[in-house]
Every structure is written in structure tokens, then in C-alpha cells.
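Participant: The amino acid sequence is not available; the structure is as follows:
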């Protein structure tokens, strides 16, 4: 199994990410073959491994035991995969990364347990490879924030008065925290000071927020085939993201259309998308993503002048320009 | 909220268990009110807090920081509650502890996230209060064993050739490991040697296996009102427990009836139950429970002569004679 072709342009990172993926695959060994197969299918469907990439990059400013850092990067990606599986259960999403989701291909119990199992694998990797309880504590805090972001999102479904501040708070939980955690653990476990590690954490948080904004923008500018999951699913499920919130603020007709909630027709969904574009919702969201990315880039440029800094800059800048 | 009345006869344990319950309640603070309410409902429905009880008891052989031990006991019960919630999702069980389950009262997403949230709370309590990474590692190992027990159980559903050895292996995973973990952490975190802690772990494992055997026996000797959950649910779901496996070995007609799987009528379920009793399946399972209890009691009696030893003996002996 090969990692995503995008990493060919990052030779400092590619072999370690390949090793991370292989380590994850080795960890998947339950007493239930369908569960193993379901998890491996998802892992092999080619996630971009961005979170482990940031963990590894922030650990490259100091010479350190690389196999330990790879194990911690694997822990992070395992946690990410666990949240994806449970999110798909909750959203009843039929596809992910272009392959059918676990609860569609197998069944609900398999999906719930598969997610639980990956939480446990994360927990084991972390407790076996981290050098200090502080990293484990940080992981616990991040997990709580991630879940709280998801729960807050669930609590505000179909809220037509949802604000961009609420959105940002949820996003920094559900996506930002995992990028923040990856960056913190990379730095801290490679032996950096708490100050350096907290700075890395902040950079990771801004990257994560920008990343989610881009994801939400792509939902308005791509089709299902390109991004490997159904578009406009969030809107139908009442999860209102930045482009839509900005759009609603300009065009009151959007709220009228959204009031039909799950009963919206495909034509009405298409009309909302068109109106969001016309109202500048997508552009405003793109500006906001650029803002968070630039904040991260500025902080990255102040890091010690080492190859990892350049790679961090290159990768982070590329994320803003991605189209998948 | 008061803990279960059974603890009135254990004055050395009652106040600490009360404090454990209160600490758990304080931890439940998500940004989603229905999820908080759902979790608190289940917690307040009065679980017996047996796992934290063993954690606390095994920590009472040495003077130690009691608030730390209470936090670790709370971590254990939180993990237990998380597994109950996800098990109910998977079994689509309508009631638990006499109250409607979370996915019945609320919905599936609430139940999945509620379970995930409690895993995270467990993780946080453990990483904040444990003195060593070893306890966290032990927790990771136990969680993997618990999940593997569940997964193995899922993989052998409706297997009419299921053996008692397979059953015991699954049970030592899904139930035994959490009692084993509680006992280990209680001992180890109170400053006992690894040897003492491993011995405590083994005692806990045998208690857990006996406890599950009793639970499975009660499924054949009680009714829904008494035990607060539907009886014979396991049989209908293809989860074959000790009384049924022993019964099948004696009376081939039982297998014929079970072949209808989910299509079994209530009359047929009742006939299986009657045949299991007549074939001595319940008696054999009871003998096996006594065997594991006695193994645990023997080892308890060899512990240092302190009040905790007496309480451990009293509690463990009482578990074998429980009717709820």
C-alpha cells in the first residue's frame, strides 16, 4: 500500500509517512475478520495523512528517536480514523474517500466497534511510546475538545441564526484540535520546551481551522467524484458551514429555502448553492481561510531555520490551494 | 443521588463510592444538553459500582491519597458506562437498569457520542491522576482485550458449535478484564509492588468471570422487571452463554430450536429456557461460577490480614449469591 502521491514532492517526509501507514496496518488485529477488513479498507483508501505529517515535521527540529515519532504519528492518524468512522455512523454517510462506509458495507455494530477499536489502538500507541504523561493528558484534552466540537455542532443543527463565531468555535474543536495535538506532540515528544511546543500547538490549530474552511468551501465548488464523498450533505443534515453562513447574512432567501430542512429537493439545494456563490459566501470563506493560513505561515517563518521549517511552509501554503 | 443500598453493609467503602459517583457526575459537561442529560440519567439509574469498589478495596492495603484513588475508581466506572452505552447501540437494546437506553430515548448519534465522550472522560481522569504511564498502558491493554472479547462474541453469533472454552475466552475479555484492571490499578497506584498488583489483577479477573457467569445465569432464572433489562435477549441475538452451551451439549433439540435465529417465537424461546434448566445447563453454569469465585476467595484469604481483606471476601462471596 502506497501513501498519497502528493508526498512525492516532500522527500523529507515521504519515507516516515510510509512507515507510519505500515505501522497502523500492523496494529489492526482484532478477533473479528470483517472488522479488520473494514478498517484496513478505509485506511488503504488513501487518507492524506496530514495530521501525522505535522506531527513528524514539528519533531524534525531536534534529533530524536524516529521510530518513536512514527509511532506517535500513527497514534494521531488512528484517532483521526476513529472519529471519521463514528462521524459516518452519525451522519449515516454512504461513502468516504470514494469507498462505501463501514456501516453501509458491513453494518452498524461493525462500524461502532471499529471506531472504538481504533480509539483503543491510539491509546495503546500513545501510552507505549510517549515519554511523559503530559502528552497523554494533552491527548485527553484534545479528544474532549474534538468531541465537544462535534456535540456543539449536533446541538446547533438547522439553527438558521448560527453565527460565524459559533462555527469557528466548533471547527477549532472538531478539526483544529487534532492538528494542534499533532503539532504539540511532535514538538514536545522530540524534546522541545513546553514554550516551543505550545507555539507549535497554536500553529497547528490555525492550520486545522484553515483546513476545515477549505473543506467546507470545496463542498460548494466540487462534485462527489472529485472529493470522494457526497457534496452538500452537511446542508441537508443541518450543519451550516462558513460559505452558507456568510451567504445567509447577505441573502435572506437562503434561509427560506433551508427551512424545509431534510425535505429540500435537489433543485432547492442547487439554488442555495448558486445563491451562496452569488452572495459572495464562498469568497468570504476563502478570505477567512487565507487569514488563518497566513497567521500559521507567519509563525512558521519564525521557527528555527532548518529544513523542517521550509517543508512546513510549503505544505501549509499548498493546503490553501488544494482542490481535493 | 445516592449509591446502591447494598453498600450500607460496607461502611469502609460506602463514603468513597459515594464520592466516586459524585465525581463522575461532575465530569459530565458537554456542550450538548441532551447528551449530558442522557449520560446522567444512565449514571443515576443506579449501577452497582462494583468495578470502582474493587479498585478502592485493592488500594486499601496501603495508606495512600484517597482522592486520587477515588478519581481512578471514577475513571474505571466511566469506562464501564461507555461500553454499556455502545453495547446497547449494537444490541439495539430498549432498556438498561430499568430506564430506556440512550438511543431509544434520544437517538443513535446521541448514544454513539455519549459513549465516545465517556471514553474520553476516562482517559482524562486516568492521565490526570495516575502516577505512572504503566497504569495508562495497562488500561490500553485492558480496553483492547475488552473490545476483542466483544468482537469475538460478534464473530461467533449464532454459532451452534460454540464451546465453553470460547465462551470463557470472550467473557474474560468483555467482563473479566475490567475487573482485572480495576484491581490492578487499585493496587499499583496505591504503591504496591508489581507482584502484588499482578496478583490483585488475577483475583479481579476471576471475580469478573464469575460475575458474568452469574449474569448469564440470571438471564435464565429472572424476569425483566427484576434485572432491569430484557431477558433472553442474548439468545435472540445469537449470543450463546454458559447455561445454553451446557444445555446444548445435553439436549440436541435445543439446537434445532435455535436454528430459527431471530425468527424464534416467544413460545420457542420459553421452550429453550425450559430445556436448558431440564438439561442441567443452569446448574452446571452455577458450579462453574462457584469455581471461579472460590479461586478468587482463596487468593483473597492469602492477602495481608487487614480490614480490606475481610471486605473483599465478604463482597466477593455475596456476588455469587446475588439474585439481581
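Facilitator: Sure, I can see it. All values derive from a computational prediction rather than experimental measurement.
Participant: Please name the nearest non-neighbouring residue to the residue in the stretch 201-324 of chain A positioned nearest to chain B.
Facilitator: Residue nearest to chain B within the stretch 201-324 of chain A: residue A:237 (10.1 Å; Cβ to the nearest Cβ). (Glycine included, C-beta is placed from N, CA and C.) Leaving out its chain neighbours, the residue that sits closest to residue A:237 by Cβ to Cβ, 6 or more residues apart in numbering or on different chains is residue A:91, at 5.9 Å.
Participant: what's the following helix or strand after the one helix or strand in chain A whose mean pLDDT sits lowest?
Facilitator: One helix or strand of chain A scores below all others by mean pLDDT, DSSP states H and E: helix A:224-227, with a mean of 66. Using DSSP states H and E, the helix or strand that follows helix A:224-227 in sequence is helix A:233-236.
Participant: For that next one, report the contacting residues that lie outside it.
Facilitator: Under the criterion Cβ atoms under 8 Å, 6 or more residues apart in numbering or on different chains, residues A:91, A:93, A:216, A:219, A:240-241, A:244, A:258, A:262, A:264, A:269, A:272 lie in contact with helix A:233-236.
Participant: Near chain B, which residues of the stretch 101-250 of chain A are found?
Facilitator: Proximity of the stretch 101-250 of chain A to chain B is confined to A:108-110, A:112-113, A:115-117, A:119-121, A:123-124, A:126-128, A:130, A:132-133, A:136-137, A:139-141, A:143-144, A:147-148, A:150-152, A:154-155 under the rule Cβ under 8 Å from any Cβ of the partner chain.
Participant: per-residue confidence averaged over stretch A:71-83?
Facilitator: The pLDDT scores in stretch A:71-83 average 95.
Participant: try stretch A:101-109
Facilitator: Stretch A:101-109 comes out at a mean pLDDT of 84.
Participant: try stretch A:174-190
Facilitator: Computed over stretch A:174-190, the mean pLDDT rounds to 96.
Participant: which parts of that stretch are buried?
Facilitator: Using 16 or more other Cβ atoms under 10 Å in any protein chain shown as the test for burial, stretch A:174-190 gives A:174-190.
Participant: Also stretch A:300-308?
Facilitator: Buried-residue list, stretch A:300-308, by 16+ other Cβ under 10 Å: A:300, A:303, A:308.
Participant: what's it in contact with?
Facilitator: A:12, A:57-58, A:60-61, A:203, A:309, A:312-313, A:316.
Participant: ok, which pair from these is furthest apart?
Facilitator: Distance extremes for the contacts of stretch A:300-308: the farthest pair is A:12 and A:203 at 17.9 Å, using Cβ to Cβ.
Participant: who's more crowded, these two?
Facilitator: A direct count of neighbours by other Cβ atoms under 10 Å in any protein chain shown for residue A:12 and residue A:203 places residue A:203 higher, at 27 against 13.
Participant: just checking, what packs against the helix or strand the more buried one falls within?
Facilitator: Here residue A:203 sits within helix A:194-221, counting by DSSP H and E. Contact partners of helix A:194-221 among helices and strands, from 3 or more Cβ pairs under 8 Å, 6 or more residues apart in numbering or on different chains; DSSP states H and E: helix A:50-58, helix A:164-171, helix A:177-189, helix A:233-236, helix A:242-250, helix A:266-278, helix A:281-301, helix A:307-320.
Participant: weakest of those helices in terms of mean pLDDT?
Facilitator: If these are sorted by mean pLDDT, helix A:233-236 sits at the bottom with a mean of 86.
Participant: Give me the distance from it to the chain's centre.
Facilitator: 18 Å (Cα atoms, centre = their mean, to the nearest Å).
Participant: Stretch A:50-63 now?
Facilitator: 16 Å.
Participant: So which bits of that stretch are buried?
Facilitator: A:50-61.
Participant: so which of those residues would you say is closest to residue A:280?
Facilitator: Using Cβ to Cβ, residue A:50 is the member of the buried residues of stretch A:50-63 that lies nearest residue A:280, at 28.4 Å.
Participant: Which residues outside stretch A:167-177 are in contact with it?
Facilitator: Outside of stretch A:167-177, the residues within contact range by Cβ under 8 Å, 6+ apart are A:142, A:145-150, A:152-153, A:156, A:204-206, A:208-209, A:211-213, A:215, A:240-242, A:245.
Participant: Repeat the analysis, applying 6 Å as the threshold.
Facilitator: If you take Cβ atoms under 6 Å, 6 or more residues apart in numbering or on different chains as the criterion, stretch A:167-177 is touched by A:142, A:145-146, A:148-150, A:152-153, A:205, A:208-209, A:212, A:242, A:245.
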